[in-house]
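Asker: Structure for the following, please:
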Amino acid sequence: PLISVKSITCMLLAHALPVEFLYYWAHRLMHADPRIYQVHKHHHLSIVPTPKTSVTFLWTEHLFYDLLFALPLLIPAFLGCASQAVMVLYIPLFDIVNSLGHTNLEMFPSWYLDSPMFPFFYCSSYHGVHHHSNPNANFALFMPMYDMLFDTYSEKQTRKNFFFAQSGSVHQEREGQRQPQAPPKTMA
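Answerer: Just a heads-up that it's a prediction; the model follows:
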């Protein structure tokens, strides 16, 4: 079929369960094992993430991700519930969401971190913690629930990033890390 609720549901479950779970543990392993980190560190050369950072990996890491991110397309096909829309739209939508998480720009309202949606869909402030202040936290792809579940969610740093992003603060690089600064004062 062109599109069906069953195919969308199957694709979302295939992404939320095996893809997010496997990505979380693979990403954690990449930071825990120095040999594997030699491959992954290329991605972390971007201390201040940009949309380009979302696809900046060496070919070996790209290959792993390509295989992993194919699961939401392959599982519905295997179960006989694939649709043309899912097959055509998953990868472009995935890339857009991944790029938005690397924009270093917060697009969500001030209440978002406390909403029931946050564990299931990340924000730029959440992912920014992993890149510029604590590379041993916030490993999940798009679903912070895995960091919350396995105790690697840095709530304090995420809230700090979110606060500074919401207040329109200025960020500066110091000693290889992006440090949030209070917004400049204006003359009144």
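Asker: Tell me which other helices or strands the one helix or strand P72 maps to touches.
Answerer: Per DSSP states H and E: P72 is located in helix 71-79. If you count contacts as 3 or more C-beta pairs under 8 Å, 6 or more residues apart in numbering; DSSP states H and E, helix 71-79 packs onto helix 5-14, helix 84-101. C-betas here are computed from N, CA, C, even on glycine.
Asker: now it against helix 84-101, angle please.
Answerer: 160 degrees (axes from the mean of the first three to the mean of the last three C-alpha atoms, to 10 degrees).
Asker: and helix 71-79, how far out from the chain's middle?
Answerer: In terms of C-alpha atoms, centre = their mean, to the nearest Å, the centre of helix 71-79 is found 22 Å from the chain centre.
Asker: returning to what we had before: most tightly surrounded among the helices and strands packed on helix 71-79?
Answerer: helix 5-14 (a mean of 17; mean count of other C-beta atoms under 10 Å).
Asker: Around F120, how many other residues sit close by?
Answerer: Using other C-beta atoms under 10 Å, F120 has 13 other residues around it.
Asker: now swap in L63 and tell me
Answerer: Neighbours of L63 (other C-beta under 10 Å): 11.
Asker: next one: H40
Answerer: Neighbour count of H40, defined by other C-beta under 10 Å: 19.
Asker: ok, now D114?
Answerer: 9.
Asker: Can you name the residues that contact it?
Answerer: With contacts defined as C-beta atoms under 8 Å, 6 or more residues apart in numbering, D114 is in contact with no residue.
Asker: and it, backbone torsions?
Answerer: With angles defined as degrees, to the nearest 10, D114 sits at phi -100, psi 0.
Asker: separation between it and Y122?
Answerer: Taking C-beta to C-beta, to the nearest Å as the measure, D114 and Y122 are separated by 14 Å.
Asker: Next: L63.
Answerer: 24 Å.
Asker: Am I right that M11 is in contact with V86?
Answerer: Yes. At 4.7 Å, M11 counts as touching V86 under the criterion of C-beta atoms under 8 Å.
Asker: Name the residues contacting each of the two.
Answerer: P72, L73, P76.
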